[in-house]
Every structure is written in C-alpha cells, then in structure tokens.
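Peer 1: coords below, sequence missing:
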C-alpha cells in the first residue's frame with residue numbers, strides 16, 4: 001500500500017476509517033517476485049497473481065457435476081472484507097486476495113470461469129450447494145461445520161489478538177472479563193470469545209462486539225469502541241500493518257488450524273474434483289506462487305484432504 005494511503009488512514013474518523021479499510025486494506029503485489037516479496041503495487045492498484053497460464057485438466061473437469069458446470073461458471077461465496085484473503089480493490093468492486101486467486105485457478109483447472117459472490121460470512125455455509133458451488137473464505141474447518149458441508153483443506157492459520165499500540169487498556173488475554181472484544185460474526189474467534197464470557201462473573205461479563213465485516217472489528221479497536229479484536233493470524237497481521245502503527249499484536253499466534261474449501265455435503269464427485277484441482281495447483285507451483293504473492297506462504301499445506309480428521 002502506498003505510504004500516502006497509510007498517512008491518510010491515520011487521520012480518518014471512525015466512519016471514514018471503516019470505509020477506507022474495506023476498500024484499501026490491500027496486500028499489495030504484482031506477479032513480479034521482487035514486488036510480491038515487498039508487498040509491491042502496480043501503480044496505485046492492487047493486483048492479484050496472474051493465473052492466465054493455468055490450463056484445464058480434462059480428467060479433473062470430467063469429475064465436475066453437470067449441475068456445477070452447465071453454466072460454464074464456478075460460483076464461489078466469499079466475505080469480501082477479509083484482507084489479504086479476500087477483499088475489494090481500490091475501485092470498491094473488484095474482488096482481490098489469495099482466496100480470489102485460488103478460486104480463479106481452480107476454475108481454470110476445471111475448465112470454468114470463476115464467479116465470486118459477495119456474502120456475509122455467517123451465511124456462506126448454509127448457502128453452499130444452493131446459492132453458489134463453493135465457499136472459499138478463509139474458513140476454519142470445525143467439527144460443527146463438517147456436519148453441514150464437506151471440506152477440502154488448503155491452508156492453515158492461527159488466531160491473533162490485537163490492541164491499540166502500547167496496550168493502553170492493559171488487556172490480558174488470560175482474563176478478558178469486563179472487556180470489550182471485537183470479532184467477526186460466525187467465526188471461531190466469536191465462539192471462543194463467547195466461551196470465555198461464560199466463565200466470567202455476572203458483574204464482569206465480556207462485551208462481545210460481533211460485526212458482519214472483519215474490517216469493522218479492527219476499526220472498533222482503532223476508534224476505542226473495543227479493547228481488543230481477535231481474528232485469523234494473516235488477516236489480523238495485515239490489518240495491523242495497514243493502520244499506520246495504531247494497532248499491534250498482543251502475544252503470539254494462538255493455535256494453528258486448517259482452513260477449507262466448503263462443498264455441498266455428500267457431493268463426493270465435487271469433493272474429488274476440488275481435491276484433485278488443489279493438488280494439481282500444489283504440484284505445479286501455482287498454489288505456492290499465489291501465497292507468496294500475498295506474503296502468506298507460512299500457512300501453506302503440503303497436501304489437500306477431503307474432510308480431514310486432523311484439524312490442526
């Protein structure tokens with residue numbers, strides 16, 4: 001992100017900051033390895049990894065059910081405020097991020113065109129198989145979600161707590177009672193915050209501020225509405241880096257869990273098609289190139305599994 005953008009963000013009001021983070025929190029990069037490593041840009045625009053060279057695999061394409069490929073599109077539900085996984089570019093309408101690039105690459109392997117459908121996070125699992133073909137949105141694989149959808153694992157991430165620089169409110173994550181904790185609705189972090197709240201005395205409950213958009217959770221801490229926010233490590237890390245030094249991580253990452261591509265429950269043909277497509281992208285280097293482009297290669301997996309039993 002250009003330094004001028006960061007300087008502007010420092011002086012934004014709460015409403016302006018929220019809007020700016022939605023359209024401008026960008027893991028800036030081009031397909032050039034040097035720029036990607038340094039979070040580079042193409043002019044002032046956020047540029048995704050170029051997947052035009054990814055070819056159709058006829059054997060994998062043949063596995064895709066007719067109900068998916070009949071319209072020539074692979075529709076993917078995403079919550080587009082989760083930089084650098086998926087978010088909107090500077091024009092406020094173009095989806096970008098490593099999940100977006102992976103979706104495009106998967107579609108090309110299947111001989112389809114990627115169609116990103118903007119959704120709120122908590123509606124994605126219920127809509128897989130009806131509103132769209134897949135859900136790809138930095139979604140942690142949990143036993144509860146596995147009851148509703150199938151998953152193909154493709155990434156791993158921990159969770160990170162973030163506070164105002166210097167932790168002026170003295171937040172201690174070992175004792176959150178009496179504090180205001182910002183999270184995104186429907187995430188595992190929201191569940192963990194609610195679980196912690198259940199152990200607090202009645203007169204010192206945690207106020208869990210649940211927002212539909214992840215950017216709002218970060219903004220709540222910047223503006224003082226919340227004491228701390230909690231999110232997936234790559235997302236929290238990127239939000240911290242884009243607030244001009246106003247936020248900092250509190251402690252290290254908490255746990256590491258697998259994230260998955262959500263597929264209609266019991267659709268074994270689509271399960272296999274997605275698993276083989278992700279594996280192909282891993283084997284030919286596209287997968288790692290995409291992650292490196294966005295600076296998130298530390299979360300790479302070495303294999304894609306259908307409904308993994310080892311979730312860590």
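Peer 2: Done, it's in. Keep in mind the model is a prediction, meaning the values are calculated, not measured.
Peer 1: now the helix or strand containing residue 288, how far from the centre of its chain.
Peer 2: Per DSSP states H and E: residue 288 is located in helix 286-293. Using Cα atoms, centre = their mean, to the nearest Å, the distance from the centre of helix 286-293 to the centre of the chain it belongs to is 15 Å.
Peer 1: Packing partners of that helix?
Peer 2: helix 33-37, helix 98-109, helix 268-283 (3 or more Cβ pairs under 8 Å, 6 or more residues apart in numbering; DSSP states H and E). Where C-beta positions appear, they are placed from N, C-alpha and C, glycine not excepted.
Peer 1: Just the pLDDT for residue 41.
Peer 2: According to the prediction, residue 41 has pLDDT 40.
Peer 1: wait, what's in contact with residue 160?
Peer 2: 230, 231, 232, 233, 236, 237, 249, 253, 254 (Cβ atoms under 8 Å, 6 or more residues apart in numbering).
Peer 1: one step back: could I get the helices and strands packed on helix 286-293 as JSON lines with mean pLDDT, distance to residue 192 and mean neighbour count?
Peer 2: Formatted as JSON lines, the helices and strands packed on helix 286-293 follow (pLDDT from 0 to 100; distance: least, Cβ to Cβ, whole Å; neighbours: other Cβ atoms under 10 Å):
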{"stretch": "helix 33-37", "mean pLDDT": "30", "distance to residue 192": "32", "mean neighbour count": "14"}
{"stretch": "helix 98-109", "mean pLDDT": "98", "distance to residue 192": "22", "mean neighbour count": "26"}
{"stretch": "helix 268-283", "mean pLDDT": "98", "distance to residue 192": "28", "mean neighbour count": "20"}
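Peer 1: Adding distance to residue 245, write the ones you listed out as JSON lines.
Peer 2: As requested, those are arranged in JSON lines below (distance: least, Cβ to Cβ, whole Å):
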{"stretch": "helix 33-37", "distance to residue 245": "22"}
{"stretch": "helix 98-109", "distance to residue 245": "25"}
{"stretch": "helix 268-283", "distance to residue 245": "36"}
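Peer 1: before we move on, the earlier item: helix 98-109 and the helix holding residue 288, what's the angle between them?
Peer 2: Counting by axes from the mean of the first three to the mean of the last three Cα atoms, to 10 degrees, helix 286-293 lies at 160 degrees to helix 98-109.
Peer 1: you'd agree residue 221 is up against residue 231?
Peer 2: No: taking contacts as Cβ atoms under 8 Å, residue 221 lies outside contact range of residue 231: 10.6 Å.
Peer 1: Name the residues contacting each of the two.
Peer 2: Common neighbours of residue 221 and residue 231 (Cβ under 8 Å, 6+ apart) are residue 162.
Peer 1: What angle do helix 268-283 and the helix holding residue 288 make with each other?
Peer 2: Interaxial angle, helix 286-293 versus helix 268-283 (the same axes, to 10 degrees): 60 degrees.
Peer 1: May I see the buried residues of helix 286-293?
Peer 2: The neighbour-count criterion (16 or more other Cβ atoms under 10 Å) identifies 286, 287, 289, 290, 291, 292, 293 as the buried residues of helix 286-293.
Peer 1: Could you do stretch 147-155 as well?
Peer 2: Quick answer for stretch 147-155 (16+ other Cβ under 10 Å): 149, 150, 151, 152, 153, 154, 155.
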